[in-house]
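Colleague: need a 3D model of the following:
(chains A, B, C and D)
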2 protein chains.
Amino acid sequence: MLNSSADSHLEKGIVTQLRGYLAQIDLADDGRLPPERELSAALGVSRTELRKALDVLEAEGQLWRHVGKGTFMGSRPLDTFADIAALARRSNPAEVMRARIVMEPEICRAAAFTATPEDIAEMRMCLTRSRQAETWRQYEAWDTRLHRTIAEASQNTLLLGLFDTLNAVRRAVTWGRLRTEPVKPLPDHHSFAEHEAIVDAIEHRDIAAAAAGMRAHLQTVERKLLDRQ
Amino acid sequence: MLNSSADSHLEKGIVTQLRGYLAQIDLADDGRLPPERELSAALGVSRTELRKALDVLEAEGQLWRHVGKGTFMGSRPLDTFADIAALARRSNPAEVMRARIVMEPEICRAAAFTATPEDIAEMRMCLTRSRQAETWRQYEAWDTRLHRTIAEASQNTLLLGLFDTLNAVRRAVTWGRLRTEPVKPLPDHHSFAEHEAIVDAIEHRDIAAAAAGMRAHLQTVERKLLDRQ
DNA sequence: TTGGATACCAATTTTGTTTTGGTTTATATT
DNA sequence: AATATAAACCAAAACAAAATTGGTATCCAA
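Modeller: The predicted structure is shown next:
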């Protein structure tokens, strides 16, 4: 009654039966299909045979499975590493600057639309404090706060969240050589004028100038950083 | 509400008592101090009075509190919400589209520089598969994969990480209205031609066209999304 | 040897309970 | 009248217990 060809035919039969079943049911929003125990009962096959059929479909890339989670149609979601530490480990200062140059000018453009007088007042305070800074640490604190205030002013919580993530990675990334420079920021430090140009542009609702100013500023930072001045 | 001198003297007494207590105990390494109910008993003060004293210290920035968590010494950690769920809760579809329009065109520009032939081959496969899609679910899977392949091709792990974060938020955000559209993507769906224009630009190393194509594509998506209904 | 039923495992999700800061209300107390 | 106290209640968060789920091994039968 049974031979090898009949066996494979039987298995293929279950696979096609499963294919039909999957095509007919409309699965949940996340593409999850019933647990194996239910599915085997619904199809009238043993769990062992069902799993063989699922193995085939998984090998074809039509579905993916995970213990405790379930079985899902489509391709396995790629491991999205939102973990700051993991990101910082794989990244480097050059990438951080690239990412800043991608994101911050556009965030700044949005901020020029939506910044409130309070936002701008806080930006101006950051400018003043950063000029008064007695140490590089203080300067960086006010610089960081200025950039974040601009991101806040965009009034887009998602962009702000992405900015924060980027910032956290920036802090976590290993920068190798550090401030060998003069102990305190000199009055003619390039950032001062650039920062003021940016805030001016935001205050005057000059969208293009705001974005361009931020881009120019970050490119200067990048150049100073990578060229070793 | 103003206090008489006698009242403020009393309250200050509790505040100083609390200060002494906090100086003497060695708190856990997370800076957490005992719950209010314990603390009030330990100090022999009613919870109401203790809370007034804690209000003072909190206003001074010496500690911060959060329901369910507890009371902690030091300054409240800057709420850098890299947490996807928290981000999704505060965000909305409009912000997601804005953020995509900010990030993806620039990522696409970078990809046009650095994409390998293998990257481009995978993009082309995504194009083909998305055209063959029999359901919206399948289409979206290949659409998502195309966009991520482009992000991968930028060869910037940080930008890729930010892209993944954005994508995770996109999936988690509540979209309200759902597919009322035809059961499967029609052959003249706008995305097909737009996607192909983007991949063509990347393949020909046309940096500007790649960025512009992606921007145009996402703006079309945004328009379709927000205008209708 | 093959297939089926069963039990078990570890990862994960779901559910329920406890804890915690915040708030209100009734009752003394002065 | 003003205010402190105690108690109860709330929602957010943490914590713990239970139920699911894919993966695997075992035993049994055909």
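
Colleague: from here on, contacts and neighbour counts on C-alpha atoms
Modeller: OK.

Colleague: quick one, helices of chain A?
Modeller: A:4-24, A:36-43, A:47-59, A:84-90, A:93-114, A:117-132, A:136-153, A:157-172, A:190-203, A:207-226 (DSSP state H).

Colleague: redo the ones you listed as a markdown table? Include mean pLDDT, distance to DNA strand C and mean neighbour count.
Modeller: Putting the helices of chain A into a markdown table (pLDDT from 0 to 100; distance: least, Cα to the nearest atom of the strand, whole Å; neighbours: other Cα atoms under 10 Å in any protein chain shown) gives the following:
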| stretch | mean pLDDT | distance to DNA strand C | mean neighbour count |
| --- | --- | --- | --- |
| helix A:4-24 | 69 | 6 | 13 |
| helix A:36-43 | 93 | 9 | 14 |
| helix A:47-59 | 93 | 5 | 17 |
| helix A:84-90 | 75 | 17 | 17 |
| helix A:93-114 | 93 | 29 | 22 |
| helix A:117-132 | 90 | 25 | 17 |
| helix A:136-153 | 87 | 24 | 19 |
| helix A:157-172 | 86 | 23 | 22 |
| helix A:190-203 | 95 | 35 | 20 |
| helix A:207-226 | 93 | 38 | 18 |
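
Colleague: what would these look like in CSV with distance to B:Ala94?
Modeller: Below are those laid out as CSV (distance: least, Cα to Cα, whole Å):
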stretch, distance to B:Ala94
helix A:4-24, 33
helix A:36-43, 39
helix A:47-59, 36
helix A:84-90, 26
helix A:93-114, 14
helix A:117-132, 22
helix A:136-153, 17
helix A:157-172, 10
helix A:190-203, 22
helix A:207-226, 20
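
Colleague: B:Thr135: which of those helices is closest?
Modeller: Comparing these against B:Thr135 with Cα to Cα, the closest turns out to be helix A:4-24 (10.2 Å).

Colleague: could you count how many residues lie near the residue of chain A found nearest DNA strand C?
Modeller: For chain A and DNA strand C, the shortest gap (Cα to the nearest atom of the strand) falls at A:Gly68, measuring 3.5 Å. A:Gly68 has 6 neighbours, counted by other Cα atoms under 10 Å in any protein chain shown.

Colleague: sorry, back to before: dump the helices of chain A into JSON lines; add distance to DNA strand D as well.
Modeller: Shown next, in JSON lines, are the helices of chain A (distance: least, Cα to the nearest atom of the strand, whole Å):
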{"stretch": "helix A:4-24", "distance to DNA strand D": "14"}
{"stretch": "helix A:36-43", "distance to DNA strand D": "4"}
{"stretch": "helix A:47-59", "distance to DNA strand D": "7"}
{"stretch": "helix A:84-90", "distance to DNA strand D": "18"}
{"stretch": "helix A:93-114", "distance to DNA strand D": "27"}
{"stretch": "helix A:117-132", "distance to DNA strand D": "26"}
{"stretch": "helix A:136-153", "distance to DNA strand D": "20"}
{"stretch": "helix A:157-172", "distance to DNA strand D": "16"}
{"stretch": "helix A:190-203", "distance to DNA strand D": "33"}
{"stretch": "helix A:207-226", "distance to DNA strand D": "34"}
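
Colleague: now for A:Ile198: which residues touch it?
Modeller: By Cα atoms under 8 Å, 6 or more residues apart in numbering or on different chains, the residues touching A:Ile198 are A:Ala209, A:Ala210, A:Ala211, A:Gly213, A:Met214.

Colleague: tell me the domain ranges of chain A?
Modeller: Listed by automatic domain parsing, the domain ranges of chain A are A:4-73, A:84-226.

Colleague: ok, which of the ones you listed comes nearest B:Leu166?
Modeller: domain A:84-226 (7.5 Å).

Colleague: span of that closest one from start to end?
Modeller: End-to-end span of domain A:84-226 (Cα to Cα, to the nearest Å): 23 Å.

Colleague: any idea how far stretch A:38-58 is from the chain center?
Modeller: 38 Å (Cα atoms, centre = their mean, to the nearest Å).

Colleague: if anything else comes up later, I'll come back, but that's it for now.
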